[in-house]
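**Student:** Attaching a predicted model along with its sequence, questions to come.
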Amino acid sequence: MNKIKTAVFISGEGSNFKSIYRNSLKEDYPFEIVVVISDRKCDGYEFSKSIINKTYMFENYKKCHFEKEVHNILKKNAIELICLAGFMKILGKEFVKKWEKKILNIHPSILPLFPGLNTHTRVIRQGMKIHGSTVHVVDKGIDTGTIIAQSAIAIDNLDDEKSIEEKIKKSEHYLYSKAIRNYILNFYFKKNKNSLKNKKNKYSKILYSI
Ligand code: GAR
């Protein structure tokens with residue numbers, strides 16, 4: 001299977017990027033990471049430099065300059081898909097339009113609940129017992145695009161922001177690569193994602209927090 005040339009945008013630890021990268025090396029994941037873009041010096045950037053030649057950092061760039069430079073790099077490298085993995089800049093409408101339906105994002109909440117920043121803090125404040133993550137297509141709104149996949153975690157009384165972040169990231173590392181794979185098969189190759197579903201346990205999709 002041809003692999004879709006993919007760019008990953010990061011701003012932080014880069015743990016989602018690492019898990020996507022590891023999966024991209026497997027034969028049945030139809031994407032290869034060709035370019036990594038970071039908007040700051042961060043752990044994800046340091047890691048990326050050691051494995052992806054085309055790793056770029058654009059610190060303190062004005063949004064329009066950042067987007068122009070990045071667009072050129074992506075075009076030059078024939079990039080077909082962009083995955084935002086903990087990327088904390090909001091992309092401009094023009095950029096999003098140019099890459100319509102070709103940008104995915106992972107957001108740490110069960111959208112449409114809790115769009116925006118500091119989701120773990122707000123989830124605790126609201127006394128939520130279930131929280132999670134969403135992979136969605138990026139459109140011109142903030143965390144409003146078509147939802148592709150979601151995962152849920154239970155929150156218990158002992159949880160705090162740190163422990164929630166750990167649980168969330170663990171679930172994201174499972175979710176994001178699979179969601180990217182399904183999206184590519186549906187959108188780029190027009191294959192039915194049901195062919196990939198794990199049919200072992202028919203109750204495996206029900207999550208409880210009691
Ligand atoms: C992830 O939890 C991701 O969902 C979140 O940032 C974290 C990045 O972690 N993304 C956003 O908040 C986007 N608005 P990582 O750098 O270890 O992958």
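**Tutor:** Looks like it came in fine. Numbers count the residues shown, from 1 in each chain.
**Student:** State which helix of the protein is the longest.
**Tutor:** helix 161-183 (DSSP state H).
**Student:** mind checking how far it is from the chain centre?
**Tutor:** Chain-centre distance of helix 161-183: 9 Å, with C-alpha atoms, centre = their mean, to the nearest Å.
**Student:** ok, now which ones touch the closest residue in space to residue 103 that isn't next to it in sequence?
**Tutor:** Using C-beta to C-beta, 6 or more residues apart in numbering and skipping residues adjacent in sequence, the residue nearest residue 103 is residue 138, 3.9 Å away. (Each C-beta comes from the backbone N, C-alpha and C, glycine too.) Shown in contact with residue 138 (C-beta atoms under 8 Å, 6 or more residues apart in numbering): 84, 91, 96, 99, 103, 104, 105, 145.
**Student:** show me the residues around the third one that make contact.
**Tutor:** If I follow you right, that is residue 96. 103, 138, 139, 140.
**Student:** From those, list the buried ones, please.
**Tutor:** The neighbour count (16 or more other C-beta atoms under 10 Å) marks 103, 138, 139 as buried among the contacts of residue 96.
**Student:** Could you export those residues to JSON lines, including columns for secondary structure, pLDDT and distance to residue 25?
**Tutor:** Converted to JSON lines, the buried ones among the contacts of residue 96 look like this (DSSP: H, G, I helix; E, B strand; the rest coil; pLDDT from 0 to 100; distance: C-beta to C-beta, whole Å):
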{"residue": "103", "secondary structure": "strand", "pLDDT": "98", "distance to residue 25": "23"}
{"residue": "138", "secondary structure": "coil", "pLDDT": "98", "distance to residue 25": "25"}
{"residue": "139", "secondary structure": "coil", "pLDDT": "98", "distance to residue 25": "30"}
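**Student:** Spell out which residues of the protein are next to the ligand.
**Tutor:** Neighbours of the ligand within the chain, by C-beta under 6 Å from any ligand atom: 12-17, 44, 85-86, 106-108, 133, 168-169, 172.
**Student:** Would you mind checking these for buried ones?
**Tutor:** Judged by 16+ other C-beta under 10 Å, buried ones among the residues of the chain next to the ligand: 12-17, 44, 85-86, 106-108, 133, 168-169, 172.
**Student:** what about residue 33, which helix or strand?
**Tutor:** In this assignment (DSSP states H and E), residue 33 forms part of strand 31-38.
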